[in-house]
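Enquirer: missing the sequence, but the structure's below:
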């Protein structure tokens, strides 16, 4: 610990390389990517970490303070609906879409010099670093990326030829950003209540009429949207997916209007609007009677990105809290030496490690799905909403706790904490509020038995752990898995209302099992390779916090556990005896 005489009264993370200071994340990347991919990705991760801790962080602060404005008409009174951004936001776009190619790298070779499409796990690792400084812009990045994915999977050859090059461009002059507009006044989570109508004219052209109420990335060039063709059934079964360009192939503006921009609590750098379709030309994507299912595939991929962004907020909050607590002196010693705060920081560190492990595991699952692995799609189906559900809601707590650690300065907008808190609340709303996503997990379990591949995966990972000192914690996880399976089996005997009340507790349990199994299995591998029990201890402490302590009603960590805070925060070696 730094001597009190060397303390900084107002310590800051400004200028840090967010990748190089996070040794734990470096080790996680190496583990999930494999040696060859990690070696190729490493210089780009270092570059992103430098940008995130320097230029990007400064730009994000400015863009948050100067949100976009809507210019409705030009000097001649013609409707233009132009979203005007601060130069800081435009520079962030250049970093995300251009220099690092985050939206393009999964769809084409040559981005960052990669010989083929960049693996999702590398893309998400880079995004995790970017998200520690800027949350809002990653919505347009993800929407453009996932829009290209939907077009490749379901779009006609003509639509792909016309629009894929723009969606996957890294040249800002050629880039065409994408977005996803579903929400209406009558249907946010209840998408089946959508009122937007699609009518097909005699010449075969589809046109849309209706209002979309919350349209993120309002300046996008291409919007994937849901509408109900005339005569189609009510509910989600009658919805079709359409692609709506802002500008038609002949150069004319499409018949859609940006009514106003939203004045948002957080994610203020990125433009969200209310949009009216007034006969807007639209192109059908995929089968007309499968629009909702196709869109939900896009949503599920977006949920992983959403969870990742919230994991990034958690990590930044932890870094801010550690930096402050270690360098700020109170009552004659650094704050980080005070037992209550050590316990609080230890909880935050372990939760951050777990969140990073879950989201990068989700990325590797997506890579396996795209490679044709039969079990990956089923696993992705449940792990992604689990990650979105738990990480996004927990980010609100961790960012608020980090603000509390910094005290009064944390409440001042010149510091990053207030922005982290504001952004964290959107993560839990985007792509389905927490209750909606928990019910989606329950629906996946009831209709597809999706918990079985998840519990099988957890069992396989726990089976890798052979360290004797870790065996009691493996037993805790296995018992918790058995409890979750029995609880799910009991749903059949419950009335609907009682069953719905089970959705969140079971989603909590399944997320914690997944996180703990990932930490313990990686911990075993690290122990065998280096003799370091760091990740095993993280897995044990995670189970103590979220399974054992909750059941016992006790404080999660005592004097013995908090002694390991510095080793876990700095990823210095931990002996296996620490598990006992």
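Expert: It's in. Worth saying up front: this structure is predicted, and the values here are computed from it rather than measured. Numbering: from 1, shown residues only.

Enquirer: burial count for residue 99?
Expert: Around residue 99 there are 14 other residues, counting by other Cβ atoms under 10 Å. In short, each C-beta sits where N, CA and C put it, glycine included.

Enquirer: Can you show me the helices along the stretch 401-550 of the chain?
Expert: Using DSSP state H, counting those that start in this stretch, the helices of the stretch 401-550 of the chain run over 417-427, 434-448, 451-463, 471-489, 496-500, 503-530, 534-543, 549-552.

Enquirer: The longest one: how far from the chain's middle?
Expert: Read it as helix 503-530. Helix 503-530 sits 18 Å away from the centroid of its parent chain (Cα atoms, centre = their mean, to the nearest Å).

Enquirer: Likewise for the fourth one?
Expert: Between the centre of helix 471-489 and the centre of its chain there are 27 Å (Cα atoms, centre = their mean).

Enquirer: Check the second one too.
Expert: For helix 434-448, the gap between its own C-alpha mean and the chain's C-alpha mean amounts to 18 Å (Cα atoms, centre = their mean).

Enquirer: Averaged pLDDT, that helix. What do you get?
Expert: Across helix 434-448, the average pLDDT comes to 95.

Enquirer: Could you list the buried residues of that helix?
Expert: Residues 434, 436-442, 444-445 are the ones in helix 434-448 that count as buried (16 or more other Cβ atoms under 10 Å).

Enquirer: what sits against the closest residue to residue 145 other than its chain neighbours?
Expert: Spatially, and ignoring its direct neighbours in sequence, residue 145 is nearest to residue 103 (4.4 Å; Cβ to Cβ, 6 or more residues apart in numbering). Residue 103 sits next to 96-97, 141-142, 144-145, 148, 167-168, 177 when contact means Cβ atoms under 8 Å, 6 or more residues apart in numbering.

Enquirer: ditto for residue 575
Expert: residue 533.

Enquirer: residues of stretch 463-470 that come out buried?
Expert: Using 16+ other Cβ under 10 Å as the test for burial, stretch 463-470 gives 465, 467, 469-470.

Enquirer: that older thread, make JSON lines from the buried residues of helix 434-448 and add distance to residue 60 to it.
Expert: Below are these laid out as JSON lines (distance: Cβ to Cβ, whole Å):
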{"residue": "434", "distance to residue 60": "26"}
{"residue": "436", "distance to residue 60": "29"}
{"residue": "437", "distance to residue 60": "27"}
{"residue": "438", "distance to residue 60": "31"}
{"residue": "439", "distance to residue 60": "34"}
{"residue": "440", "distance to residue 60": "31"}
{"residue": "441", "distance to residue 60": "32"}
{"residue": "442", "distance to residue 60": "36"}
{"residue": "444", "distance to residue 60": "35"}
{"residue": "445", "distance to residue 60": "38"}
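
Enquirer: ok, back up a step: which of the buried residues of stretch 463-470 lies at the shortest distance from residue 351?
Expert: Using Cβ to Cβ, residue 470 comes nearest to residue 351 of the buried residues of stretch 463-470, at 19.5 Å.

Enquirer: mind giving me the domain split of the chain?
Expert: Using automatic domain parsing, the domain parsing of the chain gives 178-289, 450-579.

Enquirer: Now do the shortest one: distance from first to last residue.
Expert: Between the opening and closing residues of domain 178-289 lies a distance of 23 Å (Cα to Cα, to the nearest Å).

Enquirer: mind checking how far the residue nearest to residue 145 is from residue 178?
Expert: As for residue 103, its distance to residue 178 is 8 Å (criterion: Cβ to Cβ, to the nearest Å).

Enquirer: Turn the contacts of residue 103 into JSON lines, including neighbour count.
Expert: Below are those laid out as JSON lines (neighbours: other Cβ atoms under 10 Å):
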{"residue": "96", "neighbour count": "23"}
{"residue": "97", "neighbour count": "23"}
{"residue": "141", "neighbour count": "28"}
{"residue": "142", "neighbour count": "29"}
{"residue": "144", "neighbour count": "29"}
{"residue": "145", "neighbour count": "26"}
{"residue": "148", "neighbour count": "26"}
{"residue": "167", "neighbour count": "26"}
{"residue": "168", "neighbour count": "25"}
{"residue": "177", "neighbour count": "22"}
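
Enquirer: In the chain, spot the helix with the most residues.
Expert: Secondary structure of the chain per DSSP state H: the longest helix is helix 291-327.

Enquirer: Count the residues that sit near residue 329.
Expert: The burial count for residue 329: 17, using other Cβ under 10 Å.

Enquirer: What are the boundaries of the strands in this structure?
Expert: In the chain, the strands defined using DSSP state E lie at 69-73, 79-84, 178-181, 197-200, 206-216, 222-229, 240-245, 256-261, 272-284, 329-330, 333-334.

Enquirer: Could you tell me the least trusted of these?
Expert: Ranked by mean pLDDT, these bottom out at strand 329-330, with a mean of 86.

Enquirer: what packs against it?
Expert: Here strand 329-330 touches no other helix or strand, going by 3 or more Cβ pairs under 8 Å, 6 or more residues apart in numbering; DSSP states H and E.

Enquirer: quick one on the thing from earlier: tell me which of the buried residues of helix 434-448 is nearest to residue 276?
Expert: Distance to residue 276 across the buried residues of helix 434-448 (Cβ to Cβ) is lowest for residue 436, with 25.6 Å.

Enquirer: Output the contacts of residue 103 as a markdown table; include the columns pLDDT.
Expert: Formatted as a markdown table, these follow (pLDDT from 0 to 100):
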| residue | pLDDT |
| --- | --- |
| 96 | 98 |
| 97 | 98 |
| 141 | 98 |
| 142 | 96 |
| 144 | 97 |
| 145 | 97 |
| 148 | 96 |
| 167 | 98 |
| 168 | 98 |
| 177 | 98 |
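
Enquirer: Can you give me every residue that contacts residue 318?
Expert: The neighbours of residue 318, taking Cβ under 8 Å, 6+ apart as the test, are 345, 348-349, 352, 398, 402.

Enquirer: hang on, the earlier thing: of the strands of the chain, which is nearest residue 391?
Expert: Nearest to residue 391, of all the strands of the chain, is strand 206-216, at 19.4 Å by Cβ to Cβ.

Enquirer: Sheet-wise, list the partners of the closest one with their directions.
Expert: strand 197-200 (antiparallel), strand 272-284 (antiparallel) (DSSP bridges).

Enquirer: Go through the first one and flag the buried ones.
Expert: Buried positions in strand 197-200, judged by neighbour count with 16+ other Cβ under 10 Å: residue 198.

Enquirer: Ok, the longest one next?
Expert: When burial is assessed from 16+ other Cβ under 10 Å, strand 272-284 yields the following buried residues: 272-277, 280-284.

Enquirer: who's in contact with it?
Expert: Contacts of strand 272-284 with the rest of the structure, by Cβ under 8 Å, 6+ apart, involve 70, 83, 156, 159, 181, 196, 198, 205-218, 225, 227, 240-245, 248, 254-262, 264.

Enquirer: Around residue 112, how many other residues sit close by?
Expert: Neighbour count of residue 112, defined by other Cβ under 10 Å: 18.

Enquirer: pLDDT at it, what is it?
Expert: The model's pLDDT for residue 112 equals 93.

Enquirer: Residue 570 now?
Expert: According to the prediction, residue 570 has pLDDT 95.

Enquirer: list the contacts for it?
Expert: For residue 570, the contact set (Cβ under 8 Å, 6+ apart) comprises residue 23.
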